[in-house]
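J.: Take this sequence and fold it.
(2 chains)
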2 protein chains.
Amino acid sequence: MDSEQLREYGHRMVDFIADYYKTIETFPVLSQVQPGYLHNLLPDSAPDQPETVEQVLDDVKTKILPGITHWQSPTFYAYYPSNSSVAGFLGEMLSAGLGIVGFSWVTSPAATELEMIVLDWLAKLLNLPEQFLSKGNGGGVIQGSASEAILVVMIGAREKVLRRVGKNALGKLVVYSSDQTHSALQKACQIAGIHPENCRVLKADSSTNYALRPELLQEAVSKDIEAGLIPFFLCGNVGTTSSTAVDPLAALGKIAKSNEIWFHVDAAYAGSACICPEYRQYIDGVETADSFNMNAHKWFLTNFDCSLLWVKDQYVLTEALSTNPEFLKNKASQANLVVDYKDWQIPLGRRFRSLKLWMVLRLYGAETLKSYIRNHIKLAKDLEQLVSQDPNFEVVTPRIFSLVCFRILPVDNDEKECNNRNRNLLDAVNSSGKLFLSHTALSGKIVLRCAIGAPLTEERHVKETWKVIQEEASRLLGK
Amino acid sequence: MDSEQLREYGHRMVDFIADYYKTIETFPVLSQVQPGYLHNLLPDSAPDQPETVEQVLDDVKTKILPGITHWQSPTFYAYYPSNSSVAGFLGEMLSAGLGIVGFSWVTSPAATELEMIVLDWLAKLLNLPEQFLSKGNGGGVIQGSASEAILVVMIGAREKVLRRVGKNALGKLVVYSSDQTHSALQKACQIAGIHPENCRVLKADSSTNYALRPELLQEAVSKDIEAGLIPFFLCGNVGTTSSTAVDPLAALGKIAKSNEIWFHVDAAYAGSACICPEYRQYIDGVETADSFNMNAHKWFLTNFDCSLLWVKDQYVLTEALSTNPEFLKNKASQANLVVDYKDWQIPLGRRFRSLKLWMVLRLYGAETLKSYIRNHIKLAKDLEQLVSQDPNFEVVTPRIFSLVCFRILPVDNDEKECNNRNRNLLDAVNSSGKLFLSHTALSGKIVLRCAIGAPLTEERHVKETWKVIQEEASRLLGK
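T.: Numbers count the residues shown, from 1 in each chain, chains lettered A, B, ... in the order given. Reported below is the predicted structural model:
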């Protein structure tokens, strides 16, 4: 680690990355390589002797970039966005540069304290209830992903209920969610050892715009209690992955509370929008939740990974996840003067991730972030309009945030053929390299998802995107 | 995300970080701030309007750096090192710059394929058995930490045995390790729902240099089987956190195999040394293991996080951790043509972490990496010698790698007083700001740990360190 070498090579890498962004629209958005392509391009073993930065950067250009699917491209619309920004990038650089590991407060007090402060800042921007702030029993923590967020609260909730009913009752614990809930919930159940037959995946359909109906939850909970089972965990959604469905939090939370069920709210994607007063309504009822999650690394200009989790009772996490080996003991921790985030998460080690969120909030400011969100939603509205004006297409679910769900309409009510046609449309537009959409299924219909939210996406990209989709559709429809 | 702004600010940040390394020896190694210090220095809420990069960097200097414990300082000897290097830093930059999320092959084929290739490279450097390579059923994967590595293999092993004996047998599953094993094992047991009374923490002492005695394991396993319990998981150590103890892998593995116990080898710190032929012996017997873990982010010049896990049977992981929601389906995955690392880990999302390991291997080359390891071990030998020459001190366990465990000797056999004195010595040297040591307890003795392994550590630092320790000890001993 030579500071002058770091300076020289670091500058070169900055230029490399800046040039990448300058030319990002020249790459096919979805990588067009075949499985195994890289194996033939790289040697079978590590070199014995050093190679040069030039050699490595050449290889990045000629061998790695063809295998990249360009998430930062302005026409990347698949899944949900994973924002990179100048501020987020600077934060990543600084975090890597300082190279600290902040598992306990003492291992870098600034890392723990900045995280607490910045998560309080964001809780205030979201107008979360006071109990989620760090001054009482609650607080926020940065997890790597929404999957880890849901897992740690599930483990906490599991241990809490098992302390009450005895640890042999694990097989009786029941988890509830709509069938629109992200697969992260299923994975958390698998890891936590919840029996698959005790995972209630409640049907949601177009009648509620794919939101979970509280009656359905109440019915399932009552039935389970009657059967001697123990309802313990509910996941509510604000902005599902398939179609941005929003569950009615207040009504769900009421049922959860009266049955001592942990209520987790997953707003991984849509949470960002809720800093705008006009979208805050979508998390109304969050005061009934025990935990709330939003990914700053999705639609909030903060480079992956930065998943924000707030809990009202931090001790539910620490009672389940704490360890206290001699080699980590220190005065501040032993005196209970500090937060040690190692006990709020799965791993021990943790990077200094609050830096990038802090930089995003400071270098852009809350007003710019609100405009940023509003602009994407406006672009999505424009696209929704374009789709609805085309007689070959339909908007499948009403757009709420910046995701547009649409499909080619069936001909002669042939839904099966229609699904095939939409799959073919997806393949065709993605193979063009001009854009990348993903898909989902809603009530058996194959639906194309256009999630607008990349920092570089402008009106012209959305217009051009729609033209490409229309052209490919015309070809498929033989028009 | 403006490419020219990224260029301008990126260059500024490179200079900031290069300057940090240039001046790193001027900071107190262990942060000297008090709990809550940052709260008073930062505002209560995020700014509405953008601030400038200058303002933020000024705050980093005046408010954040005082709260940093400088892991990259040449006199940081606490815990284990967490290396940062120019190559590792460049890899982090590039990963943040590309901003991809590589959960499935299709989301950036290069990310998955480079990871497979680079983990094969490292497996070959370590001379791991062929079954750990990616060409058969095995393969390597980058986890965030050794804790996640141990958790995913434990979940895989748990599901494998429960498929055989029925899922209601969870309360019968037994885990084995020595009492020197990292707390990551305890945490994995907590998360996986292993009953605490079924965690066999077997005593290791100075008679084996804190290695686990195979007879003790055999005895415990036999007793558990007799009691109707189901032994299912063994964690062996190569280089424990307290004292770098090395368990006898071959003998432990034999017992594991004959009892259908999953055998995980945790070589988080010491694995790096095993690329040197003269240290490879310490993982002899790894051929009996089901999984093997080493942290490239500790002592291998790769910035945190980069924990390398190899398994002989990838399907044990994927059968336990797979999910397959419609919105992630794609042709390459459905046709089983590719690896989707999302099913080898806890989270869904994953950063492009193989880039930094690839850059470390290429920009330094295997021979340089071996010299790097050897140099630290030589420095540790030197320190061991210095300690053993001082009649006030003893080396508590024979040094194996680059960790020296030592203490002030007791006066008049007063062990209690001796422990206090060593605690006071620890506080004194760490408060000096000149270095940072951590401690552990071995058979009730408080022991100071000096883990040499920061990239900037040179002979002069170790000599100066020993002088500081001697001076503080003399003061404490009233000499």
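
J.: got the domain boundaries for chain A?
T.: When chain A is parsed with automatic domain parsing, its domains come out as A:3-70, A:93-360.

J.: right, so of those domains, which gets closest to residue A:403?
T.: domain A:93-360 (4.9 Å; Cβ to Cβ). Heads up, the C-betas are built off the backbone N, CA and C, glycines and all.

J.: chain center to that closest one, what's the gap?
T.: Here domain A:93-360 is found 12 Å from its chain centre; the criterion is Cα atoms, centre = their mean, to the nearest Å.

J.: And stretch A:396-413, by the same measure?
T.: For stretch A:396-413, the distance to the chain centre is 22 Å (Cα atoms, centre = their mean).

J.: touching chain B at all, it?
T.: No - Stretch A:396-413 lies apart from chain B when judged by Cβ under 8 Å from any Cβ of the partner chain; the minimum separation is 10.9 Å.

J.: okay, how far is it across that stretch, tip to tip?
T.: 15 Å (Cα to Cα, to the nearest Å).

J.: Show me what counts as buried in it.
T.: Residues of stretch A:396-413 classed as buried: A:396-397, A:399-408, A:410 (neighbour count, 16 or more other Cβ atoms under 10 Å in any protein chain shown).

J.: any chance of those residues in JSON lines, plus secondary structure and pLDDT?
T.: Shown next, in JSON lines, are the buried residues of stretch A:396-413 (DSSP: H, G, I helix; E, B strand; the rest coil; pLDDT from 0 to 100):
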{"residue": "A:396", "secondary structure": "strand", "pLDDT": "98"}
{"residue": "A:397", "secondary structure": "strand", "pLDDT": "97"}
{"residue": "A:399", "secondary structure": "coil", "pLDDT": "98"}
{"residue": "A:400", "secondary structure": "coil", "pLDDT": "98"}
{"residue": "A:401", "secondary structure": "coil", "pLDDT": "98"}
{"residue": "A:402", "secondary structure": "coil", "pLDDT": "98"}
{"residue": "A:403", "secondary structure": "strand", "pLDDT": "98"}
{"residue": "A:404", "secondary structure": "strand", "pLDDT": "98"}
{"residue": "A:405", "secondary structure": "strand", "pLDDT": "98"}
{"residue": "A:406", "secondary structure": "strand", "pLDDT": "98"}
{"residue": "A:407", "secondary structure": "strand", "pLDDT": "98"}
{"residue": "A:408", "secondary structure": "strand", "pLDDT": "98"}
{"residue": "A:410", "secondary structure": "coil", "pLDDT": "96"}
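
J.: Tally up the residues packed near the residue of the stretch 101-250 of chain A found nearest chain B, please.
T.: The stretch 101-250 of chain A approaches chain B most closely through residue A:110 (2.8 Å), counting by Cβ to the nearest Cβ. By the criterion of other Cβ atoms under 10 Å in any protein chain shown, residue A:110 has 27 neighbours.

J.: now do residue A:26
T.: 9.

J.: Report the contact partners of it.
T.: Contact analysis of residue A:26 by Cβ atoms under 8 Å, 6 or more residues apart in numbering or on different chains lists nothing.

J.: Need phi/psi at it.
T.: Dihedral pair for residue A:26: phi -90, psi -10, per degrees, to the nearest 10.

J.: what's in contact with stretch A:247-264?
T.: By Cβ under 8 Å, 6+ apart, stretch A:247-264 touches A:150, A:153-154, A:156-157, A:160-161, A:176, A:178, A:211-212, A:214, A:217-218, A:221, A:225, A:231-238, A:265, A:283-293.

J.: same question, stretch A:378-394
T.: For stretch A:378-394, the surrounding residues in contact (Cβ under 8 Å, 6+ apart) are A:395, A:399, A:401-404, A:406-409, A:450, A:452, A:457-459, A:462-463, A:465-466, A:470, A:473-474, A:477.

J.: how about 7 Å then?
T.: A:395, A:399, A:402-404, A:406-409, A:450, A:452, A:457, A:459, A:462, A:466, A:470, A:473, A:477 (Cβ atoms under 7 Å, 6 or more residues apart in numbering or on different chains).

J.: Now it: average pLDDT?
T.: Mean pLDDT, computed over stretch A:378-394, is 98.

J.: same check, this time on stretch A:241-257
T.: On average, stretch A:241-257 scores 98.

J.: mind checking the end-to-end distance for that stretch?
T.: 26 Å.

J.: Now a PyMOL select for only the buried ones of the contacts of stretch A:247-264.
T.: Buried members of the contacts of stretch A:247-264, defined by 16+ other Cβ under 10 Å, are picked up in PyMOL with:
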select buried, chain A and resi 150+153+154+156+157+160+161+176+178+211+212+214+217+218+221+231+232+233+234+235+236+237+238+265+283+285+286+287+288+289+290+291+292+293
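
J.: Out of the contacts of stretch A:247-264, which sit inside strands?
T.: A:176, A:178, A:231-237, A:265, A:291-293 (DSSP state E).

J.: Now tabulate those residues in CSV and tack on pLDDT.
T.: What follows is those, written out as CSV (pLDDT from 0 to 100):
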residue, pLDDT
A:176, 98
A:178, 98
A:231, 98
A:232, 98
A:233, 98
A:234, 98
A:235, 98
A:236, 98
A:237, 98
A:265, 98
A:291, 98
A:292, 98
A:293, 98
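
J.: Could you point out the member of these that lies closest to residue A:435?
T.: Distances from residue A:435 to those, taken by Cβ to Cβ, are shortest for residue A:237, at 26.7 Å.

J.: Can you tell me how far the closest one is from residue A:78?
T.: Computed as Cβ to Cβ, to the nearest Å, the residue A:237 to residue A:78 distance reads 20 Å.

J.: same thing with residue A:62?
T.: 25 Å.

J.: So for the two, which residue has more residues nearby?
T.: Remark: of residue A:62 and residue A:78, residue A:78 carries more neighbours, 23 against 10, as counted by other Cβ under 10 Å.

J.: wait, what's in contact with the more buried one?
T.: By Cβ under 7 Å, 6+ apart, the residues touching residue A:78 are A:436-438, A:451.

J.: switch to 8 Å and redo it
T.: A:30, A:436-438, A:449, A:451.

J.: Many thanks, have a good one.
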